[in-house]
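1. Mind folding the following:
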Amino acid sequence: MIEKKNKKNFSKVSVGQRALNFDLIEDTVYEELDFSTHDFSKQNFLSLEFKSCIFRNCKFNQFRVKNLSLVNVKFEDCDLANMEIEEAYFKMIDFEKCRMTGLVASEGLIENVSFKTCQLKFSQFRFAKLKHIVFSNSNLAETDFYAAELFDVNFSECDLTKIKMSATKNLNVSLKTSDIQGIKIGIENLKGVTIDRVQVNDLAWLLGAKID
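-> Modelled structure (predicted):
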């Protein structure tokens, strides 16, 4: 996470209108910008920060950044496949119809974020803290939440097949209405998780039982 004590060294780009084509610059705060059809693929940075920005049809595939801070940002129809973030700070973010296959956002804080109709298959949120999150109509098959802290997280009408939730800390997590076939979770991690009756069969293996 980008700490406040480091922000004093950041440059600032604040336009309040659609962003022109330009290269991203290390240690810069971008504020109130509208990015459309920009291609940031395969770029590498140590620190970047975006506030009150909108990204439409932008490409971030194979984009790598050590510290990324996003506050009040929206992504629409963007490609973030195989994007790697070592330490993420996301707050008040909307992802809508985004391709995020293989996204890595580990060991960060992700708060008040919604993922709507997104492709998140094979993504990783290992050791991350997720608070007040909504995943809706999204594909998270084989996504890895190992040792993540999940607080008030709702998976609605999602594909969660073979999702990894080993060693997670869960408080008010809802898996109802989602497909959890092949979920990898310990029986001790079910506390704080809500499922529906249809999903009971998918967890019977934890008890070594078969339900007919």
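
2. measure residue 89 to residue 97 for me?
-> 23 Å (C-beta to C-beta, to the nearest Å). In short, each C-beta sits where N, CA and C put it, glycine included.

3. Neighbour count: those two, which is higher?
-> Neighbour totals were compared for residue 89 and residue 97, and residue 89 leads with 18 against 14 (other C-beta atoms under 10 Å).

4. Summarise which helices and strands the strand or helix carrying the more buried one is packed against.
-> Assigned by DSSP states H and E, residue 89 belongs to strand 84-96. With contacts defined as 3 or more C-beta pairs under 8 Å, 6 or more residues apart in numbering; DSSP states H and E, strand 84-96 has these neighbours: strand 64-76, strand 104-105, strand 109-116.

5. How about that strand, which residues are buried there?
-> 84, 85, 86, 87, 88, 89, 90, 91, 93, 94, 95, 96 (16 or more other C-beta atoms under 10 Å).

6. Strands of this structure, start to end?
-> For the chain, applying DSSP state E gives strands covering 11-14, 28-31, 34-36, 44-51, 54-56, 64-76, 84-96, 104-105, 109-116, 129-136, 149-156, 169-174, 193-194.

7. So for residue 201, which of those strands sits nearest?
-> Of all the strands of the chain, strand 193-194 sits nearest to residue 201, with 15.7 Å by C-beta to C-beta.

8. Okay, now the sheet partners of that closest one, with direction.
-> Sheet pairing of strand 193-194 (DSSP bridges) gives strand 169-174 (parallel).

9. buried sites along the strand it pairs with?
-> 170, 173, 174.

10. for stretch 96-106, same thing?
-> Neighbour counts over stretch 96-106 (16+ other C-beta under 10 Å) mark 96, 98, 99, 100, 101, 102, 103, 104, 105, 106 as buried.

11. Between the two ends of that stretch, what distance do you get?
-> 21 Å (C-alpha to C-alpha, to the nearest Å).

12. Also stretch 196-205?
-> With C-alpha to C-alpha as the measure, stretch 196-205 spans 16 Å from end to end.

13. just how off-centre is it within its chain?
-> 26 Å (C-alpha atoms, centre = their mean, to the nearest Å).

14. Stretch 148-166 now?
-> Stretch 148-166 has its C-alpha centroid displaced from the chain centroid by 11 Å (C-alpha atoms, centre = their mean).

15. same deal with stretch 191-205?
-> 24 Å.

16. For that stretch, give the mean pLDDT please.
-> Per-residue pLDDT over stretch 191-205 has a mean of 87.

17. Could you do stretch 36-56 as well?
-> Averaged over stretch 36-56, pLDDT sits at 96.

18. Now do the end-to-end distance for it.
-> End-to-end distance of stretch 36-56 (C-alpha to C-alpha): 5 Å.

19. Kindly reformat the strands of the chain as TSV containing distance to residue 200.
-> Shown next, in TSV, are the strands of the chain (distance: least, C-beta to C-beta, whole Å):
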stretch	distance to residue 200
strand 11-14	52
strand 28-31	47
strand 34-36	45
strand 44-51	43
strand 54-56	40
strand 64-76	36
strand 84-96	31
strand 104-105	31
strand 109-116	26
strand 129-136	21
strand 149-156	17
strand 169-174	15
strand 193-194	12
